[in-house]
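1. This is a predicted model, with the sequence first.
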Protein chains: 2
Amino acid sequence: MARNRSATIADIARHVGLTNITVSRALNRPEMVKPATRDRIREAALALGYVPNAFARGLKRSDSRLIGFVTDSVDNPFYAEMIKAISSHAKRHDYAILLFDTDGEPWLEAKAIETLLSYQAAGIILSPISDKPDYQPEYISQLKASNIAVVQLDRTLQGADFSAVVLDNIWAGECAAQYLLEHVFENPKNLDKSPARLLVAAGPEQSHISRERLAGVHHSLAASPREITVDVLWGDYTLEPALQAVGHFLDHYGPPTAVFGLNQLITLGALKALQSRGVPRETLSVIGVDRLPYIDIFDITVPCVVHDGYHAGQKALELLLEQIENPSQTSRTITVRGALVE
Amino acid sequence: MARNRSATIADIARHVGLTNITVSRALNRPEMVKPATRDRIREAALALGYVPNAFARGLKRSDSRLIGFVTDSVDNPFYAEMIKAISSHAKRHDYAILLFDTDGEPWLEAKAIETLLSYQAAGIILSPISDKPDYQPEYISQLKASNIAVVQLDRTLQGADFSAVVLDNIWAGECAAQYLLEHVFENPKNLDKSPARLLVAAGPEQSHISRERLAGVHHSLAASPREITVDVLWGDYTLEPALQAVGHFLDHYGPPTAVFGLNQLITLGALKALQSRGVPRETLSVIGVDRLPYIDIFDITVPCVVHDGYHAGQKALELLLEQIENPSQTSRTITVRGALVE
DNA sequence: CTGTTAGCGCTTTCAT
DNA sequence: ATGAAAGCGCTAACAG
């Protein structure tokens, strides 16, 4: 029975003895068609299993109901939260999501953008593979020329002035350092231990986010009378390199007074390094950025500056929708501030 | 400068003094065009910032490079793994992913399917909101009629004979129960404790997956000389209901000998309940299905029957690609077996 | 309220 | 190796 070619508007029209355009109207602008005919048409559509052809429609009206989400890695739990928010709110506005995982590869990112342009995406939420100043992919100018709505999420392309939802990274650094000052470095029972050493496990050395978080740390520490040595280990925001680097540090310099992981996976990597080197959790403080999933269940508490990824994703989509509706609008940046959770 | 309307093949043709079709060929079938003109065309395309219009192409050739992934919840870590795999392998074959999070809502699932049909998706990977026998959404017949490639992943629609990648659920139950027999119930030091009670925190009562896992449990336990009481708490594969149900059970009946969580989130919920009721981890055994993310970092071990979600996702995509290439092919089911990890 | 005409951008004939 | 014409399915603009 299975007719391979699916029914078109013309099929319905023939079926009910009307013309294409009436059918089209009955389906898309019901108020323009007499209720009786409208019902006949709907019935026929149902009977024939009619499904509108999104390509034909998209070709004709030059708008599409597609939104692209381009990310480094979909399996990063923090981005997963954002995807959930974006997807959840997009469907409320009748947009579908084209998802691209770029795996950290510039060419895949470029290809994702090109694919989105070819699908006439209404907008793109972009979390680039890198926020280093020297990462200036060629697609930037293409995006600008195309006038497509773009919102950067979390990471931003330095210098490109697309709208963005970013985290308050300086504050995150300040907040974490402040916490360490109060609970560790300036804690009376630790004052004798010297020197005080803070190990920061960071992302890439040129990463704007890492540098901001680090700047926050230094800013807070500068306000303290205590002299605190800060060691920085550069990495790439994933677990494995952080694990290696922190492990290596421990082997050579021994445990610091405290460790600060600049994101979730880095913090987990650092914790794993401590565990693998047999450093008891009580002997030093660990603090991180972003919540470590589910660990409260095990009575483990690692204080964290937590950012609400769902909220950030939602804001990004809202900003994008605004821009889709009003393309001439100047670009905006929304900053999401985290909160310290013990 | 920004010309809003992007360049078309006709623009390029005009630019180089040729016709549409030659340009089209130069871009898609380079071998059919003289190298010299081909290069001129490519140059012009670059200069004009030409991006092919996927809608126009899709409309003409009735194939698309879109694959749909429809899931209950993108933030379930187990599905996140699968998304990673699917996305990663899809792009290798030049397919883009349309992602739908159905939030457990039948109408959103139906809408997702319809949207995918309207975009002429080459194939759909579907993990339905439910695998209860009475969940028989209307879109099933539509999918069959449309001849689109469909692969079910993890959960399946009972009775619909689409291809599928499923887990070996009976075995998972057997394996977990076997482990408990060896390490708990038949352990000499526990033989005096009676009665032996196993609490199974399950998914929905009618869920095919839950029933299979449970059948596995009973099968293994039946082989034991010991009499073991099995209590089952039905839930819905998410954390919160499992937390509630297990907590309630503890309040009324006290700690069982062992707890078996039928998936990741259920197990986490059960652990949280134990923790909230102050039941020390050592006093009873907990076992689960699917790996609990990152907990090894904290020296916590919960034995689990672990399924490789990445592998399952990859298999699903491979199966889908096979079917796209060979639509008449009969449907197949691949079963992925887990492994006990302590 | 319904129909005619035309065209979105691309590619498939069938010529040349 | 290149071109002319036609049409994929749908809808905007203008009739009637």
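-> Done, it's in. Numbers count the residues shown, from 1 in each chain, chains lettered A, B, ... in the order given.
2. Going by C-alpha atoms from here, please, whenever you check contacts or count neighbours.
-> Fine.
3. So which bits of the stretch 101-250 of chain A are right by chain B?
-> Residues of the stretch 101-250 of chain A that fall close to chain B, judged by Cα under 8 Å from any Cα of the partner chain: A:101, A:114, A:117-120, A:142, A:144-147.
4. Now for those: which two are most distant?
-> A:101 and A:145 (24.1 Å; Cα to Cα).
5. okay, the two: which has more neighbours?
-> residue A:101 (24 against 16; other Cα atoms under 10 Å in any protein chain shown).
6. Test my guess that that one contacts residue A:79.
-> No: Residue A:101 lies out of contact with residue A:79 (Cα atoms under 8 Å); the separation is 10.8 Å.
7. okay, and the common contacts of those two?
-> Common contact partners of residue A:101 and residue A:79 (Cα atoms under 8 Å, 6 or more residues apart in numbering or on different chains): A:71, A:73.
8. Might you report the residue contacts of residue A:164?
-> Neighbours of residue A:164 in contact, by Cα under 8 Å, 6+ apart: A:151-154, A:156, A:316, A:331-334.
9. let's go with 10 Å and repeat that
-> A:125-127, A:150-157, A:315-316, A:319-320, A:331-335 (Cα atoms under 10 Å, 6 or more residues apart in numbering or on different chains).
10. Quick check: closest non-adjacent residue to residue A:82.
-> Closest residue to residue A:82 apart from its sequence neighbours, by Cα to Cα, 6 or more residues apart in numbering or on different chains: residue A:313 at 4.4 Å.
11. What strand or helix carries the one you found?
-> Here residue A:313 sits within helix A:309-325, counting by DSSP states H and E.
12. which other helices and strands contact that helix?
-> Applying 3 or more Cα pairs under 10 Å, 6 or more residues apart in numbering or on different chains; DSSP states H and E, one finds that helix A:309-325 contacts strand A:66-71, helix A:77-92, strand A:123-126, strand A:149-153, strand A:163-167, strand A:333-336.
13. Give me whichever of those is most buried.
-> Most buried of the helices and strands packed on helix A:309-325, by mean neighbour count (mean count of other Cα atoms under 10 Å in any protein chain shown): strand A:149-153, with a mean of 27.
14. Now residue A:171. Nearest residue, chain neighbours left out?
-> Computed as Cα to Cα, 6+ apart, the closest residue to residue A:171 that is not its neighbour in sequence is residue A:216, at 6.0 Å.
15. ranges for the helices of chain A?
-> In chain A, the segments counted as helices under DSSP state H are A:9-16, A:20-28, A:35-48, A:54-60, A:77-92, A:106-118, A:139-146, A:169-180, A:208-222, A:239-253, A:264-276, A:309-325.
16. who touches the closest residue to residue A:161 other than its chain neighbours in this structure?
-> Computed as Cα to Cα, 6+ apart, the closest residue to residue A:161 that is not its neighbour in sequence is residue A:331, at 6.8 Å. Residues in contact with residue A:331 (Cα under 10 Å, 6+ apart) are A:149-151, A:161-164, A:319, A:323.
17. now, among those residues, which is nearest to residue A:29?
-> Using Cα to Cα, the contacts of residue A:331 come closest to residue A:29 at residue A:323, 25.5 Å.
18. ok, so what distance separates that closest one from DNA strand C?
-> Applying Cα to the nearest atom of the strand, to the nearest Å, the value for residue A:323 to DNA strand C is 21 Å.
19. How about residue A:91?
-> Distance of residue A:91 to DNA strand C, given as Cα to the nearest atom of the strand: 25 Å.
20. so what pLDDT did the residue lying closest to residue A:45 once chain neighbours are set aside get?
-> If you skip the residues right next to it in sequence, residue A:45 has residue A:12 as its closest partner in space, 6.2 Å away by Cα to Cα, 6+ apart. At residue A:12, the model reports a pLDDT of 91.
21. and what of the one 10 residues further on?
-> Confidence at residue A:22, expressed as pLDDT, is 91.
22. Can you get me a residue count around it?
-> When neighbours are defined as other Cα under 10 Å, residue A:22 has 20 of them.
23. can you pull the contacts of the nearest residue to residue A:324 once chain neighbours are set aside?
-> Spatially, and ignoring its direct neighbours in sequence, residue A:324 is nearest to residue A:149 (5.7 Å; Cα to Cα, 6+ apart). Contact analysis of residue A:149 by Cα under 10 Å, 6+ apart lists A:67, A:121-125, A:143, A:162-163, A:319-329, A:331.
24. same question, residue A:86
-> Contact analysis of residue A:86 by Cα under 10 Å, 6+ apart lists A:67, A:69, A:80, A:92, A:97, A:125, A:310-318, B:101.
25. May I ask which of these comes out lowest in pLDDT?
-> Out of those, that is residue A:80, at 90.
26. State the mean pLDDT of stretch A:43-51.
-> The average pLDDT within stretch A:43-51 is 91.
27. quick one: buried residues of it?
-> A:44-45, A:49-51 (16 or more other Cα atoms under 10 Å in any protein chain shown).
28. Would you write a PyMOL line that selects the buried entries of the residues of the stretch 101-250 of chain A next to chain B?
-> Selection of buried members from these for PyMOL, criterion 16+ other Cα under 10 Å:
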select buried, chain A and resi 101+114+117+118+119+120+142+144+145+146+147
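29. Kindly reformat the residues of the stretch 101-250 of chain A next to chain B as TSV containing distance to DNA strand D.
-> Output for these, formatted as TSV (distance: Cα to the nearest atom of the strand, whole Å):
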residue	distance to DNA strand D
A:101	31
A:114	22
A:117	18
A:118	16
A:119	14
A:120	14
A:142	25
A:144	26
A:145	24
A:146	21
A:147	21
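30. wait, isn't residue A:236 in contact with residue A:244?
-> No: at 11.7 Å, residue A:236 and residue A:244 do not qualify as touching, with contact defined as Cα atoms under 10 Å.
31. between those two, which one's more packed in?
-> Higher neighbour count among residue A:236 and residue A:244: residue A:236, with 19 against 16, using other Cα under 10 Å.
32. residues contacting that one?
-> Contacts for residue A:236 (Cα under 10 Å, 6+ apart) come out as A:130, A:201-205, A:207, A:210, A:242, A:263, A:265-266.
33. mind giving me the domain ranges of chain A?
-> Listed by automatic domain parsing, the domain ranges of chain A are A:9-52, A:63-161+A:309-337, A:169-306.
34. As CSV, the ones you listed with distance to residue B:231 would be great.
-> As requested, those are exported to CSV (distance: least, Cα to Cα, whole Å):
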stretch, distance to residue B:231
domain A:9-52, 46
domain A:63-161+A:309-337, 33
domain A:169-306, 23
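35. Give me every residue in chain A lying close to DNA strand D.
-> Within reach of DNA strand D by Cα under 7 Å from any atom of the strand, chain A has these residues: A:5, A:8-10, A:20-21, A:24-25, A:28, A:51-54, A:56-57, A:59-61.
36. Please check those residues and keep the buried ones.
-> Neighbour counting with 16+ other Cα under 10 Å marks A:8-9, A:20, A:24, A:51-54, A:56-57, A:59 as buried within the residues of chain A next to DNA strand D.
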